[in-house]
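Chemist: return a 3D structure for these sequence lines:
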Amino acid sequence: MSKSLAFDKSGVLDKILEQTASIKNNMYGRDPYSIPLEEMDVSQAALFHTNTMWGFFDRLRDEEPVHYCKESENGPYWSVTKFKDIMEVESKHEIFSSAERISVMKREGELNNTSSFIAMDEPEHGNQRRTVQGVVAPTNLALLEPIIRERVADILDSLPVGETFNWVDLVSIELTTQMLATLFDFPFDERHKLTYWSDVATSMPVVDGLVADDAEKFRILSEECLPAFTKLWNERVNEPPGNDLISMLAHGESTRNMQPMEFLGNLLLLIIGGNDTTRNSLSGGVLALNENPEQYQKLRDDVSLIPKFVPEIIRWQTPLTHMARTALKDTTLGGKNIKKGDLLVMWYVSGNRDADYVDRPYEFIVDRDRPRQHLSFGFGIHRCMGNRLAEMQLRIAWEEIMKRFSKVEVVGEPVRSHSTFIKGFSDLPVRVHPL
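Modeler: Numbers count the residues shown, from 1 in each chain. Here you go, the predicted structure:
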């Protein structure tokens, strides 16, 4: 079993474009301002893989901030692209439901049988979320900080100085995988299974040969992931309550009687949530500093800026591009009439570039005022549970990076995730230069 999905980097874009060419109203390679608004579909993964979605969102924010796409591979949906409108949808959970669908992407077949608390409304959502929230409580974060620092130091000290390597594999994945193993109290020598299962759950069949379709995804997750965690559950349910996620779920009043598919859904939520924000922000920060050398120098000159730099990375990267909600009744948003049952997609990636709410949004600024004014963690009752843990991991990582290296130099083109949902990287070739 590999550490992560193996991408054929030389042929990925060709495969993507071959698939994309068959999509009606294909957006890739087109001028956003040459397309009739009623034909615009920003949910196409090729735009995110090639990092060419920005102009489409700029136009929607300017001309039709709440935009209806009547036809896409995933069905009709509303795009919500302005910061204030996204906040309104997030705030009105009694009108906009998470229970039907949390992504623009359809799930098919047996994957639809899984559920998790992020895809629940109140009160079920709050009850299950509170069961596991203690793992990221301030007291537990204080206990985790020295463990994270020791592991970061070991990872960085093992890097091949002067040689080209993939930062995603050797640093970003390794750090997040070790953290996941700790949070679950998962066997440490088998920790790479966690990244593997996360990648399987979020993979796109067009670009990897590992997963053919959703049926194959379900087989891997139900026959490998679920039994491994069921074994841990059975051990911990007969022990006193512990401080790890499995013990919390096994002993929690609202989770101890979960059916297998609900257990699997919550496992995947916690694995993916604990993996993607830190993993892709850690890679995204390296790329952003290389693309903005004056900001890299500013950070080198004053490492006390790291606490401001970290949330700026998270805004800039926006590791999850969006979340979706379903209208529970007829309503209005941004002057548009929303019908009961309509799907609304909150494009965090667009809201984080909204100049009405973020000063100079297309500039990467390591000492930005109010750096936490971003949407990358969501808002309201569904705000990312592990946001402080993610920030702490990134802060510690950059504190230790700056102690060791004068520069983490990007020496090749990054390979971006082929996903409408995960905004990340599979490859970031770098060399590290010692102080």
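
Chemist: which stretches in the stretch 151-300 of the chain count as helices?
Modeler: Ranges of helices within the stretch 151-300 of the chain are 167, 174-184, 192-202, 214-220, 226-236, 245-251, 260-291, 293-301, based on DSSP state H, counting those that start in this stretch.

Chemist: does Gly242 touch Leu232 like I think?
Modeler: No - counting by Cβ atoms under 8 Å, Gly242 does not reach Leu232; the two are 10.7 Å apart. In this view, the C-beta of every residue, glycine as well, is placed from N, C-alpha and C.

Chemist: picking up where we left off before, Asp85: which of the helices of the stretch 151-300 of the chain is closest?
Modeler: helix 260-291 (23.1 Å; Cβ to Cβ).

Chemist: which of Gly242 and Leu232 has more residues huddled nearby?
Modeler: Leu232 (19 against 13; other Cβ atoms under 10 Å).

Chemist: pLDDT wise, what is the more buried one at?
Modeler: We have a pLDDT of 93 for Leu232.

Chemist: residues contacting it?
Modeler: Phe184, Asp185, Phe186, Ile246 (Cβ atoms under 8 Å, 6 or more residues apart in numbering).

Chemist: what does Glu224 give?
Modeler: Lys193, Trp197.

Chemist: for the chain, which spans come out with low pLDDT?
Modeler: 1-22, 107-132, 134-135, 203-213, 382 (pLDDT under 70).

Chemist: mind listing the shared neighbours of Gly242 and Leu232?
Modeler: Asp185.

Chemist: got phi/psi on Pro361?
Modeler: Main-chain torsions, Pro361, degrees, to the nearest 10: phi -70, psi -20.

Chemist: grab the nearest non-local neighbour of it.
Modeler: Arg353 (4.4 Å; Cβ to Cβ, 6 or more residues apart in numbering).

Chemist: what is the burial count for that neighbour?
Modeler: Counted with other Cβ under 10 Å, the burial measure for Arg353 works out to 21 neighbours.

Chemist: look up how far Phe83 lies from it.
Modeler: Using Cβ to Cβ, to the nearest Å, Arg353 is found at 9 Å from Phe83.

Chemist: ok, Lys403 next?
Modeler: In terms of Cβ to Cβ, Lys403 sits 36 Å off from Phe83.

Chemist: between those two, tell me which one has more neighbours.
Modeler: Taking neighbours as other Cβ under 10 Å, Lys403 and Phe83 compare with Phe83 leading, 25 against 11.

Chemist: out of the contacts of Leu232, which is most surrounded?
Modeler: Counting neighbours by other Cβ under 10 Å, Ile246 comes out on top of these with 25 neighbours.

Chemist: go ahead and confirm that one touches Phe184.
Modeler: Yes - counting by Cβ under 8 Å, Ile246 touches Phe184, with 5.7 Å between them.

Chemist: which non-adjacent residue is nearest Met105?
Modeler: Asn74 (5.5 Å).

Chemist: which residues touch that neighbour?
Modeler: Ser43, Val104, Met105, Lys106.

Chemist: which of those residues has the most neighbours?
Modeler: Neighbour max across those (other Cβ under 10 Å) = Val104, 26 neighbours.

Chemist: three-state assignment of that residue?
Modeler: Here Val104 takes the coil state, with states given by DSSP: H, G, I helix; E, B strand; the rest coil.

Chemist: that one and Ala45, how far apart?
Modeler: Applying Cβ to Cβ, the value for Val104 to Ala45 is 10 Å.

Chemist: so what sits against both of the two?
Modeler: What both Val104 and Ala45 touch, as defined by Cβ under 8 Å, 6+ apart, is the set Thr420.

Chemist: buried ones in stretch 57-69?
Modeler: Buried residues in stretch 57-69, counted by 16 or more other Cβ atoms under 10 Å: Phe57, Asp58, Arg59, Leu60, Arg61, Glu64, Pro65, Val66, His67, Tyr68, Cys69.

Chemist: joint contacts of Ile246 and Phe184?
Modeler: With Cβ under 8 Å, 6+ apart, Ile246 and Phe184 have common neighbours Phe229, Leu232.

Chemist: doesn't Thr332 fall inside a strand?
Modeler: Yes - assignment of Thr332 by three-state DSSP places it within a strand.

Chemist: isn't it up against Leu344?
Modeler: No - using Cβ under 8 Å, Thr332 makes no contact with Leu344, being 12.0 Å away.

Chemist: neighbour-wise, which of the two wins?
Modeler: Between Thr332 and Leu344, counted using other Cβ under 10 Å, the more crowded position is Leu344 (25 against 9).

Chemist: which elements pack onto the strand or helix carrying the more buried one?
Modeler: For Leu344, the host element (DSSP states H and E) is strand 343-347. Judged by 3 or more Cβ pairs under 8 Å, 6 or more residues apart in numbering; DSSP states H and E, strand 343-347 is in contact with strand 77-80, helix 83-91, strand 322-327.

Chemist: centre of the chain to that strand, how far?
Modeler: 16 Å (Cα atoms, centre = their mean, to the nearest Å).
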